[in-house]
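Student: sequence and predicted structure are below.
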Amino acid sequence: PHDCPQSLREVTLRCLAIKPEDRPRTAGILATQLRLCLRPKLWRLLRRPQSRWGQLVANYPLLLLFLATMVPMVPVAIFNFSYNRDMLATRFESVLPLFDQVQLWINSIGFPVGIIIGLFLGYRAIYYWPRRGPGRNRKTTPLLHLGRNLAALSITLWFASGLAFPASLHWGAPDAADPLIYTLFILTLALCGLIAGTYPYLLVNFLSVRFLLPKMLNRDAPPPSRRELTRTRRISRLFVALTAIAPMLAILLAVLFRSHQQITLIVLSIAGLIGFLVALPLGRETDEDLESLQLLSEFVAPSEEPS
């Protein structure tokens, strides 16, 4: 009938498949698939991605997660360098050589190290964790930790690089030190570190929960516990709230340090506001997916792909 739910229609068609291997292998699997029909949101989540975008994420997960992390970070790094250098050239020209030297070391060491560690964390969560092995914890999943681990890595690197120049100035050229320099770098550190930590987390967490985790669950990977899912929902809501702070910090910088780059800060604050408005539905979608995954406890085991 035309009003038959899509989930029930697909389960019925699989039962009528010509090839035996295309049908549910056991009565238990069939029962699980029928019970999934009563949970439409969970059924859609565990289903094989139908959109081209979802299939792209499922086929090239590490590449897409890498891009989701780097896309917000690269423009922030460019802004941080150009804004701080311009402010120093305007007010503290004598410390520019030291600034350029420190930035060269940071860009030559910090960024490559961060990329290598990030790729390792992503590879471990995507490819290594689903494999079975003795002593493997089946109640948690590194995929739920991947977003927060990458965010912690990003914030740590930004914190270290943001303190590198003030520390070098304090020890290498104490006569040129000025409280305004420390204030400038603390504020830009907070602004850029916040952007470089929150948006990659939200993007990576959304892609992991929407596309990668269901794919692994359908392959009999260890499901996350309800407690872990609840914790992830709380952390996701916190990161959504943190995105509202970025435009406020940009406005604060524009007020405290007036320069010809004020228009850049105003644009950044507007972009931060738009980013916050985008983060709200993104966080809501992720939260609903996590809530649906909590229903897995009603089933004996995740079924094979609904198709």
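Tutor: Looks like it came in fine.

Student: any idea how far L212 is from H145?
Tutor: Per C-beta to C-beta, to the nearest Å, H145 is found 13 Å from L212. Bear in mind the C-beta positions are built from the backbone N, C-alpha and C, glycine included.

Student: neighbour count: the two, which is higher?
Tutor: L212 (24 against 21; other C-beta atoms under 10 Å).

Student: now the nearest residue to that one once chain neighbours are set aside: how far from A68?
Tutor: In space, and not counting its chain neighbours, L212 is closest to P61: 5.4 Å by C-beta to C-beta, 6 or more residues apart in numbering. P61 sits 10 Å away from A68, taking C-beta to C-beta as the criterion.

Student: joint contacts of these two?
Tutor: Listed as contacting both P61 and A68 by C-beta atoms under 8 Å, 6 or more residues apart in numbering are L207.

Student: wait, E291 sits on R233?
Tutor: Yes: using C-beta atoms under 8 Å, E291 is in contact with R233, at 7.1 Å.

Student: higher neighbour count, these two?
Tutor: Ranked by neighbour count (other C-beta under 10 Å), E291 and R233 place R233 first, with 20 against 14.

Student: give the contact list for the more buried one.
Tutor: Per C-beta under 8 Å, 6+ apart, neighbours of R233: D287, L290, E291.

Student: next: I18.
Tutor: Contacts of I18 (C-beta under 8 Å, 6+ apart): none.

Student: and it, helix, strand or coil?
Tutor: Three-state call for I18 (DSSP: H, G, I helix; E, B strand; the rest coil): coil.

Student: ramachandran angles for it?
Tutor: phi -70, psi -40 (degrees, to the nearest 10).

Student: tell me the pLDDT at it?
Tutor: Looking at I18, its pLDDT stands at 86.

Student: quick revisit: okay, now the residue nearest to L212: neighbour count?
Tutor: With other C-beta under 10 Å as criterion, P61 counts 22.

Student: what's it in contact with, if anything?
Tutor: Per C-beta under 8 Å, 6+ apart, neighbours of P61: G122, I126, L207, F211, L212.

Student: distance of the fourth one relative to S269?
Tutor: Okay, so that is F211. From F211 to S269 the distance is 32 Å (C-beta to C-beta).

Student: now L249: phi and psi?
Tutor: Reported as degrees, to the nearest 10, the phi and psi values for L249 are phi -70, psi -40.

Student: got the contact list for it?
Tutor: Contact analysis of L249 by C-beta under 8 Å, 6+ apart lists L187, A190, L191, L194.

Student: list the buried ones in the helix or strand that contains the last one?
Tutor: Taking DSSP states H and E as the criterion, L194 maps to helix 179-207. If you call a residue buried by 16 or more other C-beta atoms under 10 Å, then helix 179-207 has these buried ones: 181, 184-185, 187-207.

Student: which residues of the chain fall in helices?
Tutor: 6-15, 27-36, 40-46, 52-59, 61-91, 96-105, 111-123, 142-172, 179-207, 213-217, 226-242, 245-256, 262-293 (DSSP state H).
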